[in-house]
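Q: based on what follows, work out the 3D shape:
(2 chains)
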Number of protein chains: 2
Amino acid sequence: MPLTEFSLIDRFFAGHKRRGDVALGIGDDAAVVDVPPGEQLVVAVDTLVAGVHFPDHTAAADIGHKALAVNLSDMAAMGACPRWATLALTLPRVDADWLGEFARGFFALAERFDVELIGGDTTRGPLCVSVQILGTVPRNRVLQRAGARAGDRIFVSGSLGDAGLALSLLQTQRACGEDERAELLARLHRPDPRVALGERLRGIASAVIDVSDGLLADLGHILQRSGVGATLWVERLPRSAAFQVCVSAQSPDWFELPLAAGDDYELCFTAAPAQADALQNLARELGIAITEIGAIEADTGLRCRLDDGRAFQPTRQGYEHFD
Amino acid sequence: MPLTEFSLIDRFFAGHKRRGDVALGIGDDAAVVDVPPGEQLVVAVDTLVAGVHFPDHTAAADIGHKALAVNLSDMAAMGACPRWATLALTLPRVDADWLGEFARGFFALAERFDVELIGGDTTRGPLCVSVQILGTVPRNRVLQRAGARAGDRIFVSGSLGDAGLALSLLQTQRACGEDERAELLARLHRPDPRVALGERLRGIASAVIDVSDGLLADLGHILQRSGVGATLWVERLPRSAAFQVCVSAQSPDWFELPLAAGDDYELCFTAAPAQADALQNLARELGIAITEIGAIEADTGLRCRLDDGRAFQPTRQGYEHFD
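A: Purely as a prediction, here's the structure:
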């Protein structure tokens, strides 16, 4: 008996029901869920295409993880609590092993964040994974790209440039220790969305975005939406221990990767200077580094500087499709 | 200057804001909307892949229309009122003419149903269009596939087999008048989702599905979910005037296309016999044919019969991907 679309969905994607607010899950023409009173619905969609958003031959479990992670990261950037997801999966052929691994990666992350898959569509075609994420946020408490004010400081969570470095490890003969290589590849293939941080930034941050296309591009969105400019101190960008082992501070990549490589899925946000203590307490409580990397200014445009005050001119401006 | 992802979204898909319940639309990491108190959220996703769900060289405006229409049809099948949509669009290359036409088809339909596009993701890759639709329904009033009871009658809206016939016109040398051909192709390329009918079926229908994969397959889902069987009177299936001109009643297609071809996006539903008058009034009011085509029975399985009582054995069972 051939594996049909319906048995595919049943076999790999149904039966993971977890949430009490799902009135009707997978298996009908649509799902039905209850949005809590006093909360607004937050909706995002992100697509991964083979060869564009992940290297060909990426493990299926990693693709499953990442497809959900990049959407959870959008919830984090809004300060929203993720609740439900739908999955549109286009596959060149039925491969039960691949599907099992994909589902394993997807659901391991979904369970960590208490997200229920409530709908999906499997179609035949070139590999393409589109996840829609639905979350909620208390009314009028959502975090946005707009809202940064002159005088605010600019912060970033975790470290930058790791995923970009991992991609360069896969694509070039760059040398790197085995432990560092594994750590960096995990950052590329298994991003850890900053959902808890995002929710806690409500009431603290004035503007938030997740770093998916590279810091320059993503911070640029905050500046544009907020109608402000900024100075960025490029030597202060947080670089992981693995990054510092594998990249020389004399290499152009020391600056370029944290500035312009995408896929780190950290949060970049702005906050008034008076929030500095609250942020350090939050960093300790969540066990996530939060680093001050610049300041918002009334003059539009983004100025990159070295610690001695000299201007630094980045060569790349961040990742954009269709460039 | 190259067209970037961001300018693409801005140029073709932003600026169509219409609804007062959208707190934050396109342009941030996610959208924020208000679900009315007392309503449940209804969520579906459907993907169209070139060469699978529409013939190659289908007009971009038709693809834009159909990508939204098939999702609106899912809302219709739930008795839900569609409100918001997101779009994940994967394109092999930037083609401003194509995008303009796609957007024209999409937004013309969106405006007809007062649906606002609140988010999207454009990526590079083989053409693939995934739309997520969000709607609402008064609490506990949603229509489902489960709920058909022995003794209920089976109904279908509009006519069946037109889209399948249109596909066969495109793929074979079948002869057909120009007017009929145009009418049938419109049924394939421009399905008219039965949203108004779906909303009015709340409180009347016991089970509902939309006919996307073919009547046999879709009615089969109602039977399976409801734990019942049915007899279907195959001569009573509604065939359009164009269908009757182009297909001889002696051709196997006379039965096969209405039974097994997909893409008609009519509603198939069950209702108690006492609802017959209400349904005829509704049909008149909405100007949509509603035809009784069979009856639900306690014995599981689907039995097709001719009017003289003889059994009819369909050769195809409906469309399934990956078959």
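Q: let's verify the residue minimising distance to the centre of chain A: helix, strand, or coil?
A: Central residue check for chain A by C-alpha atoms, centre = their mean: the C-alpha nearest the mean position is that of A:Y265, 3.1 Å away. Here A:Y265 is recorded as coil under DSSP: H, G, I helix; E, B strand; the rest coil.
Q: ok, it - contacts?
A: A:69-70, A:73, A:163, A:191-194, A:210-212 (C-beta atoms under 8 Å, 6 or more residues apart in numbering or on different chains). Every residue, glycine included, has its C-beta placed from N, CA and C.
Q: give the buried residues for stretch A:237-248.
A: Residues of stretch A:237-248 classed as buried: A:237-240, A:242-243, A:246-247 (neighbour count, 16 or more other C-beta atoms under 10 Å in any protein chain shown).
Q: tell me the SS of A:L89?
A: Looking at A:L89 with three-state DSSP, the answer is strand.
Q: helix, strand, or coil at the closest residue to it other than its chain neighbours?
A: What sits nearest to A:L89 in space, not counting adjacent residues and going by C-beta to C-beta, 6 or more residues apart in numbering or on different chains, is A:T122, at 5.0 Å. Of the three states, A:T122 takes strand under three-state DSSP.
Q: next one, pLDDT for A:T122 please.
A: On pLDDT, A:T122 comes in at 86.
Q: my guess is A:D263 contacts A:G164. True?
A: Yes - the pair A:D263 and A:G164 qualifies as a contact (C-beta atoms under 8 Å) at a distance of 6.7 Å.
Q: and those two? Which one has more around it.
A: A:G164 (26 against 23; other C-beta atoms under 10 Å in any protein chain shown).
Q: phi first, then psi, for that one.
A: The phi and psi values for A:G164, taken as degrees, to the nearest 10, are phi -60, psi -40.
Q: hmm, A:A69 and A:A108 touching each other?
A: No - counting by C-beta under 8 Å, A:A108 sits too far from A:A69 to count as a contact (10.8 Å).
Q: which one of those two has more residues nearby?
A: Ranked by neighbour count (other C-beta under 10 Å), A:A108 and A:A69 place A:A69 first, with 23 against 14.
Q: roughly how far apart are the more buried one and chain B?
A: Per C-beta to the nearest C-beta, to the nearest Å, A:A69 is found 14 Å from chain B.
Q: next, that residue: secondary structure please.
A: Once three-state DSSP is applied, A:A69 turns out helix.
Q: for whichever residue of the stretch 101-250 of chain A sits closest to chain B, list the residues it contacts.
A: Residue nearest to chain B within the stretch 101-250 of chain A: A:G125 (3.7 Å; C-beta to the nearest C-beta). Counting by C-beta under 8 Å, 6+ apart, A:G125 touches A:90-92, B:49-52, B:126, B:128.
Q: next: A:H57.
A: Counting by C-beta under 8 Å, 6+ apart, A:H57 has no contacts.
Q: A:A283 should be in a strand, yeah?
A: No - looking at A:A283 with three-state DSSP, it is helix, so not inside a strand.
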